[in-house]
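Visitor: Sequence below, structure please.
(one chain, ligands or ions: 1)
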Amino acid sequence: MTIQALRTHVLACPEPNDFGNTRYTLLLEMRTLEGIRAWGEAITLWPEAAHAVASLINSGLGDTVCGMDEREPEAVWLKLKTHTWWYGEGGLASMAISAIDMACWDAAAQNADLPLYALLGGRAHQSLPALASMHVNRATHEEGAEEVAGHIRSGFKGAKLGFAKRGLSRVGPDPVVNLAYLKAVRDACGPDASLMVDIGNGVRWDAATAIRATDLFAEVGIDWIEEPLHPDDLEGLAQLRRHTATRIATGEREWTVEGYRRLIATGLVDVVGVDPARAEGVTGFRKIAAIAEAARVTVNAHAWSSAILTAASLHLSLSTRCARWFELKPLPSPLQHELVREPIWHVKGEVFAGNRPGLGIEIVDAALNRYKHQ
Ligand SMILES: [Mg+2]
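Guide: Numbering: from 1, shown residues only. Predicted coordinates for the structure are as follows:
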């Protein structure tokens, strides 16, 4: 009933799903007076961001919640939001709040002896279809298409294809090259596989290019186009919206509930990406999901880091009516498969949460120590 201590762990891990690139994440271990050990995460990606978030927590922010009751996670969240009034409202403070909030919800659910989804009000979905969330990085379209088809054959019901990523692929800036790749993928996967296109930070299109690309991609049938324009380019997004019937996904770089409220209120978004390790935790995600549901917008959890974030995203997605998919990194990775004893995976293309209390994960301390970054 009392948050006793917070401990930060910065991890550095090679990510096979990102062409072996090293990714950095900040894990938060919360202990309660009664002996609960709970976990949260901030999806920092870079070493300086991971250590800076650790410093925010260890230099003062953590002290503000020690002694509070973990059974009241929204009260803890409000305390964090109030405390960070001057340097918060986005950026690394939002990541620090995310990690503490997530751990608090894990602790609260463990205290109640309930899986997190039950504490969140219960499941809107017993399971969600698994989406292979992958980066396009093979040298040829044929190799890339065969990789996607392999994931579909293994049970995934769709694939989200991240363009302009590290690796050997030219897929990214040129819509015509992208179309040739997508045709190869569609041919290899068949008509039933859902395909989403994630344009990514490596591409800077103007509205005219985004419109042309979306028109071309319609030929192969895509479920949505994600981040087709820079997040600041709302005018461009409005032009794209007027010209296409393809669903538009965006929002993964927002930070706060208010930021999401403004974005959703534009009416330009069909699928809003929300990361509970960035957008102020489980509490932030829930508040954003409520706004999205009222606006009839789909919520899609961004869960591309460790098994802790994946677990939080899964419990949240299952308890969110307007969630439609659950993303998994398709290649085994240290952060997903070594860090916890029973990694989350799909069963015949469907992702379920177990009934263990809290996030339902058991951290492997040897893995935690193996990947620790000082
Ligand atoms: Mg994305």
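
Visitor: SS state for the residue lying closest to residue 156 once chain neighbours are set aside?
Guide: Nearest residue to residue 156, sequence neighbours excluded (C-beta to C-beta, 6 or more residues apart in numbering): residue 132, at 4.2 Å. All C-beta spots, glycine's among them, are computed from the backbone N, C-alpha and C. Using DSSP: H, G, I helix; E, B strand; the rest coil, the structure places residue 132 in strand.

Visitor: What distance do you get for residue 132 to the ion?
Guide: 14 Å (C-beta to the ion, to the nearest Å).

Visitor: and the residue of this protein nearest the ion?
Guide: Closest approach between the chain and the ion, counting by C-beta to the ion: residue 198, at 4.4 Å.

Visitor: which residues touch the residue positioned nearest the centre of the chain?
Guide: By C-alpha atoms, centre = their mean, the chain has its centre lying nearest to residue 302, at 1.7 Å. By C-beta atoms under 8 Å, 6 or more residues apart in numbering, the residues touching residue 302 are 43, 252, 273-275, 278, 313, 327.

Visitor: restrict the residues you listed to those near the ion?
Guide: Restricting the contacts of residue 302 to those within reach of the ion (C-beta under 5 Å from the ion) leaves residue 252.

Visitor: Lowest-confidence member of the contacts of residue 302, which is it?
Guide: Ranked by pLDDT, those bottom out at residue 252, which scores 95.

Visitor: Near the ion, which residues of this protein are found?
Guide: 198, 226, 252.

Visitor: wait, isn't the second one in contact with residue 250?
Guide: Yes - under the criterion of C-beta atoms under 8 Å, residue 226 lies in contact with residue 250, with a separation of 6.8 Å.

Visitor: can you list residues touching both of those two?
Guide: Contacts common to residue 226 and residue 250, judged by C-beta under 8 Å, 6+ apart, are 271, 273.

Visitor: what two of the contacts of residue 302 are the furthest from one another?
Guide: 278 and 327 (14.7 Å; C-beta to C-beta).

Visitor: CA atoms only: put stretch 32-42 into CSV for me.
Guide: This file holds the C-alpha atoms of stretch 32-42, laid out as CSV (Å, rounded to 0.1, in the frame of the first residue of the first chain):
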residue,chain,number,x,y,z
THR,A,32,6.3,-1.4,-2.3
LEU,A,33,6.6,-1.7,1.4
GLU,A,34,4.6,-5.0,1.2
GLY,A,35,7.2,-6.5,-1.2
ILE,A,36,5.6,-6.0,-4.6
ARG,A,37,8.1,-5.7,-7.4
ALA,A,38,6.5,-3.8,-10.4
TRP,A,39,7.9,-2.6,-13.7
GLY,A,40,7.5,0.4,-16.1
GLU,A,41,9.3,1.6,-19.2
ALA,A,42,10.2,4.8,-21.0
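
Visitor: buried stuff in that stretch?
Guide: For stretch 32-42, burial by neighbour count (16 or more other C-beta atoms under 10 Å) applies to 32, 36-42.

Visitor: again with stretch 120-127
Guide: Buried positions in stretch 120-127, judged by neighbour count with 16+ other C-beta under 10 Å: 120, 123-125, 127.

Visitor: And for that stretch, what's in contact with it?
Guide: With C-beta under 8 Å, 6+ apart, stretch 120-127 has contacts from 117, 282, 286, 315-321, 323, 347, 350-353.

Visitor: Just the buried ones among those, please.
Guide: Using 16+ other C-beta under 10 Å, the buried members of the contacts of stretch 120-127 are 117, 282, 286, 315-320, 323, 351-353.

Visitor: Kindly reformat the residues you listed as TSV containing distance to residue 9, secondary structure and pLDDT.
Guide: Listed next are those as TSV, based on distance: C-beta to C-beta, whole Å; DSSP: H, G, I helix; E, B strand; the rest coil; pLDDT from 0 to 100:
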residue	distance to residue 9	secondary structure	pLDDT
117	25	helix	98
282	19	helix	98
286	25	helix	98
315	21	helix	98
316	22	helix	98
317	25	helix	98
318	27	helix	98
319	27	coil	98
320	28	coil	98
323	29	strand	98
351	26	strand	98
352	28	coil	98
353	24	coil	97
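
Visitor: hmm, which two among these are most spread apart?
Guide: The widest separation within the buried ones among the contacts of stretch 120-127 (C-beta to C-beta) is 20.4 Å, between 286 and 352.

Visitor: shaky segments in the protein?
Guide: The model of the chain has no residue with pLDDT under 70.

Visitor: Just the helices from this structure, written as ranges.
Guide: Remark: helices assigned in the chain by DSSP state H are 47-56, 62-65, 73-83, 91-112, 116-119, 141-153, 175-189, 207-217, 234-243, 257-265, 281-294, 307-318, 365-370.

Visitor: Just give the number of residues close to the nearest residue to residue 149 once chain neighbours are set aside.
Guide: Residue nearest to residue 149 in three dimensions, not counting chain neighbours: residue 188, with 3.9 Å by C-beta to C-beta, 6+ apart. Counted with other C-beta atoms under 10 Å, residues neighbouring residue 188 total 19.
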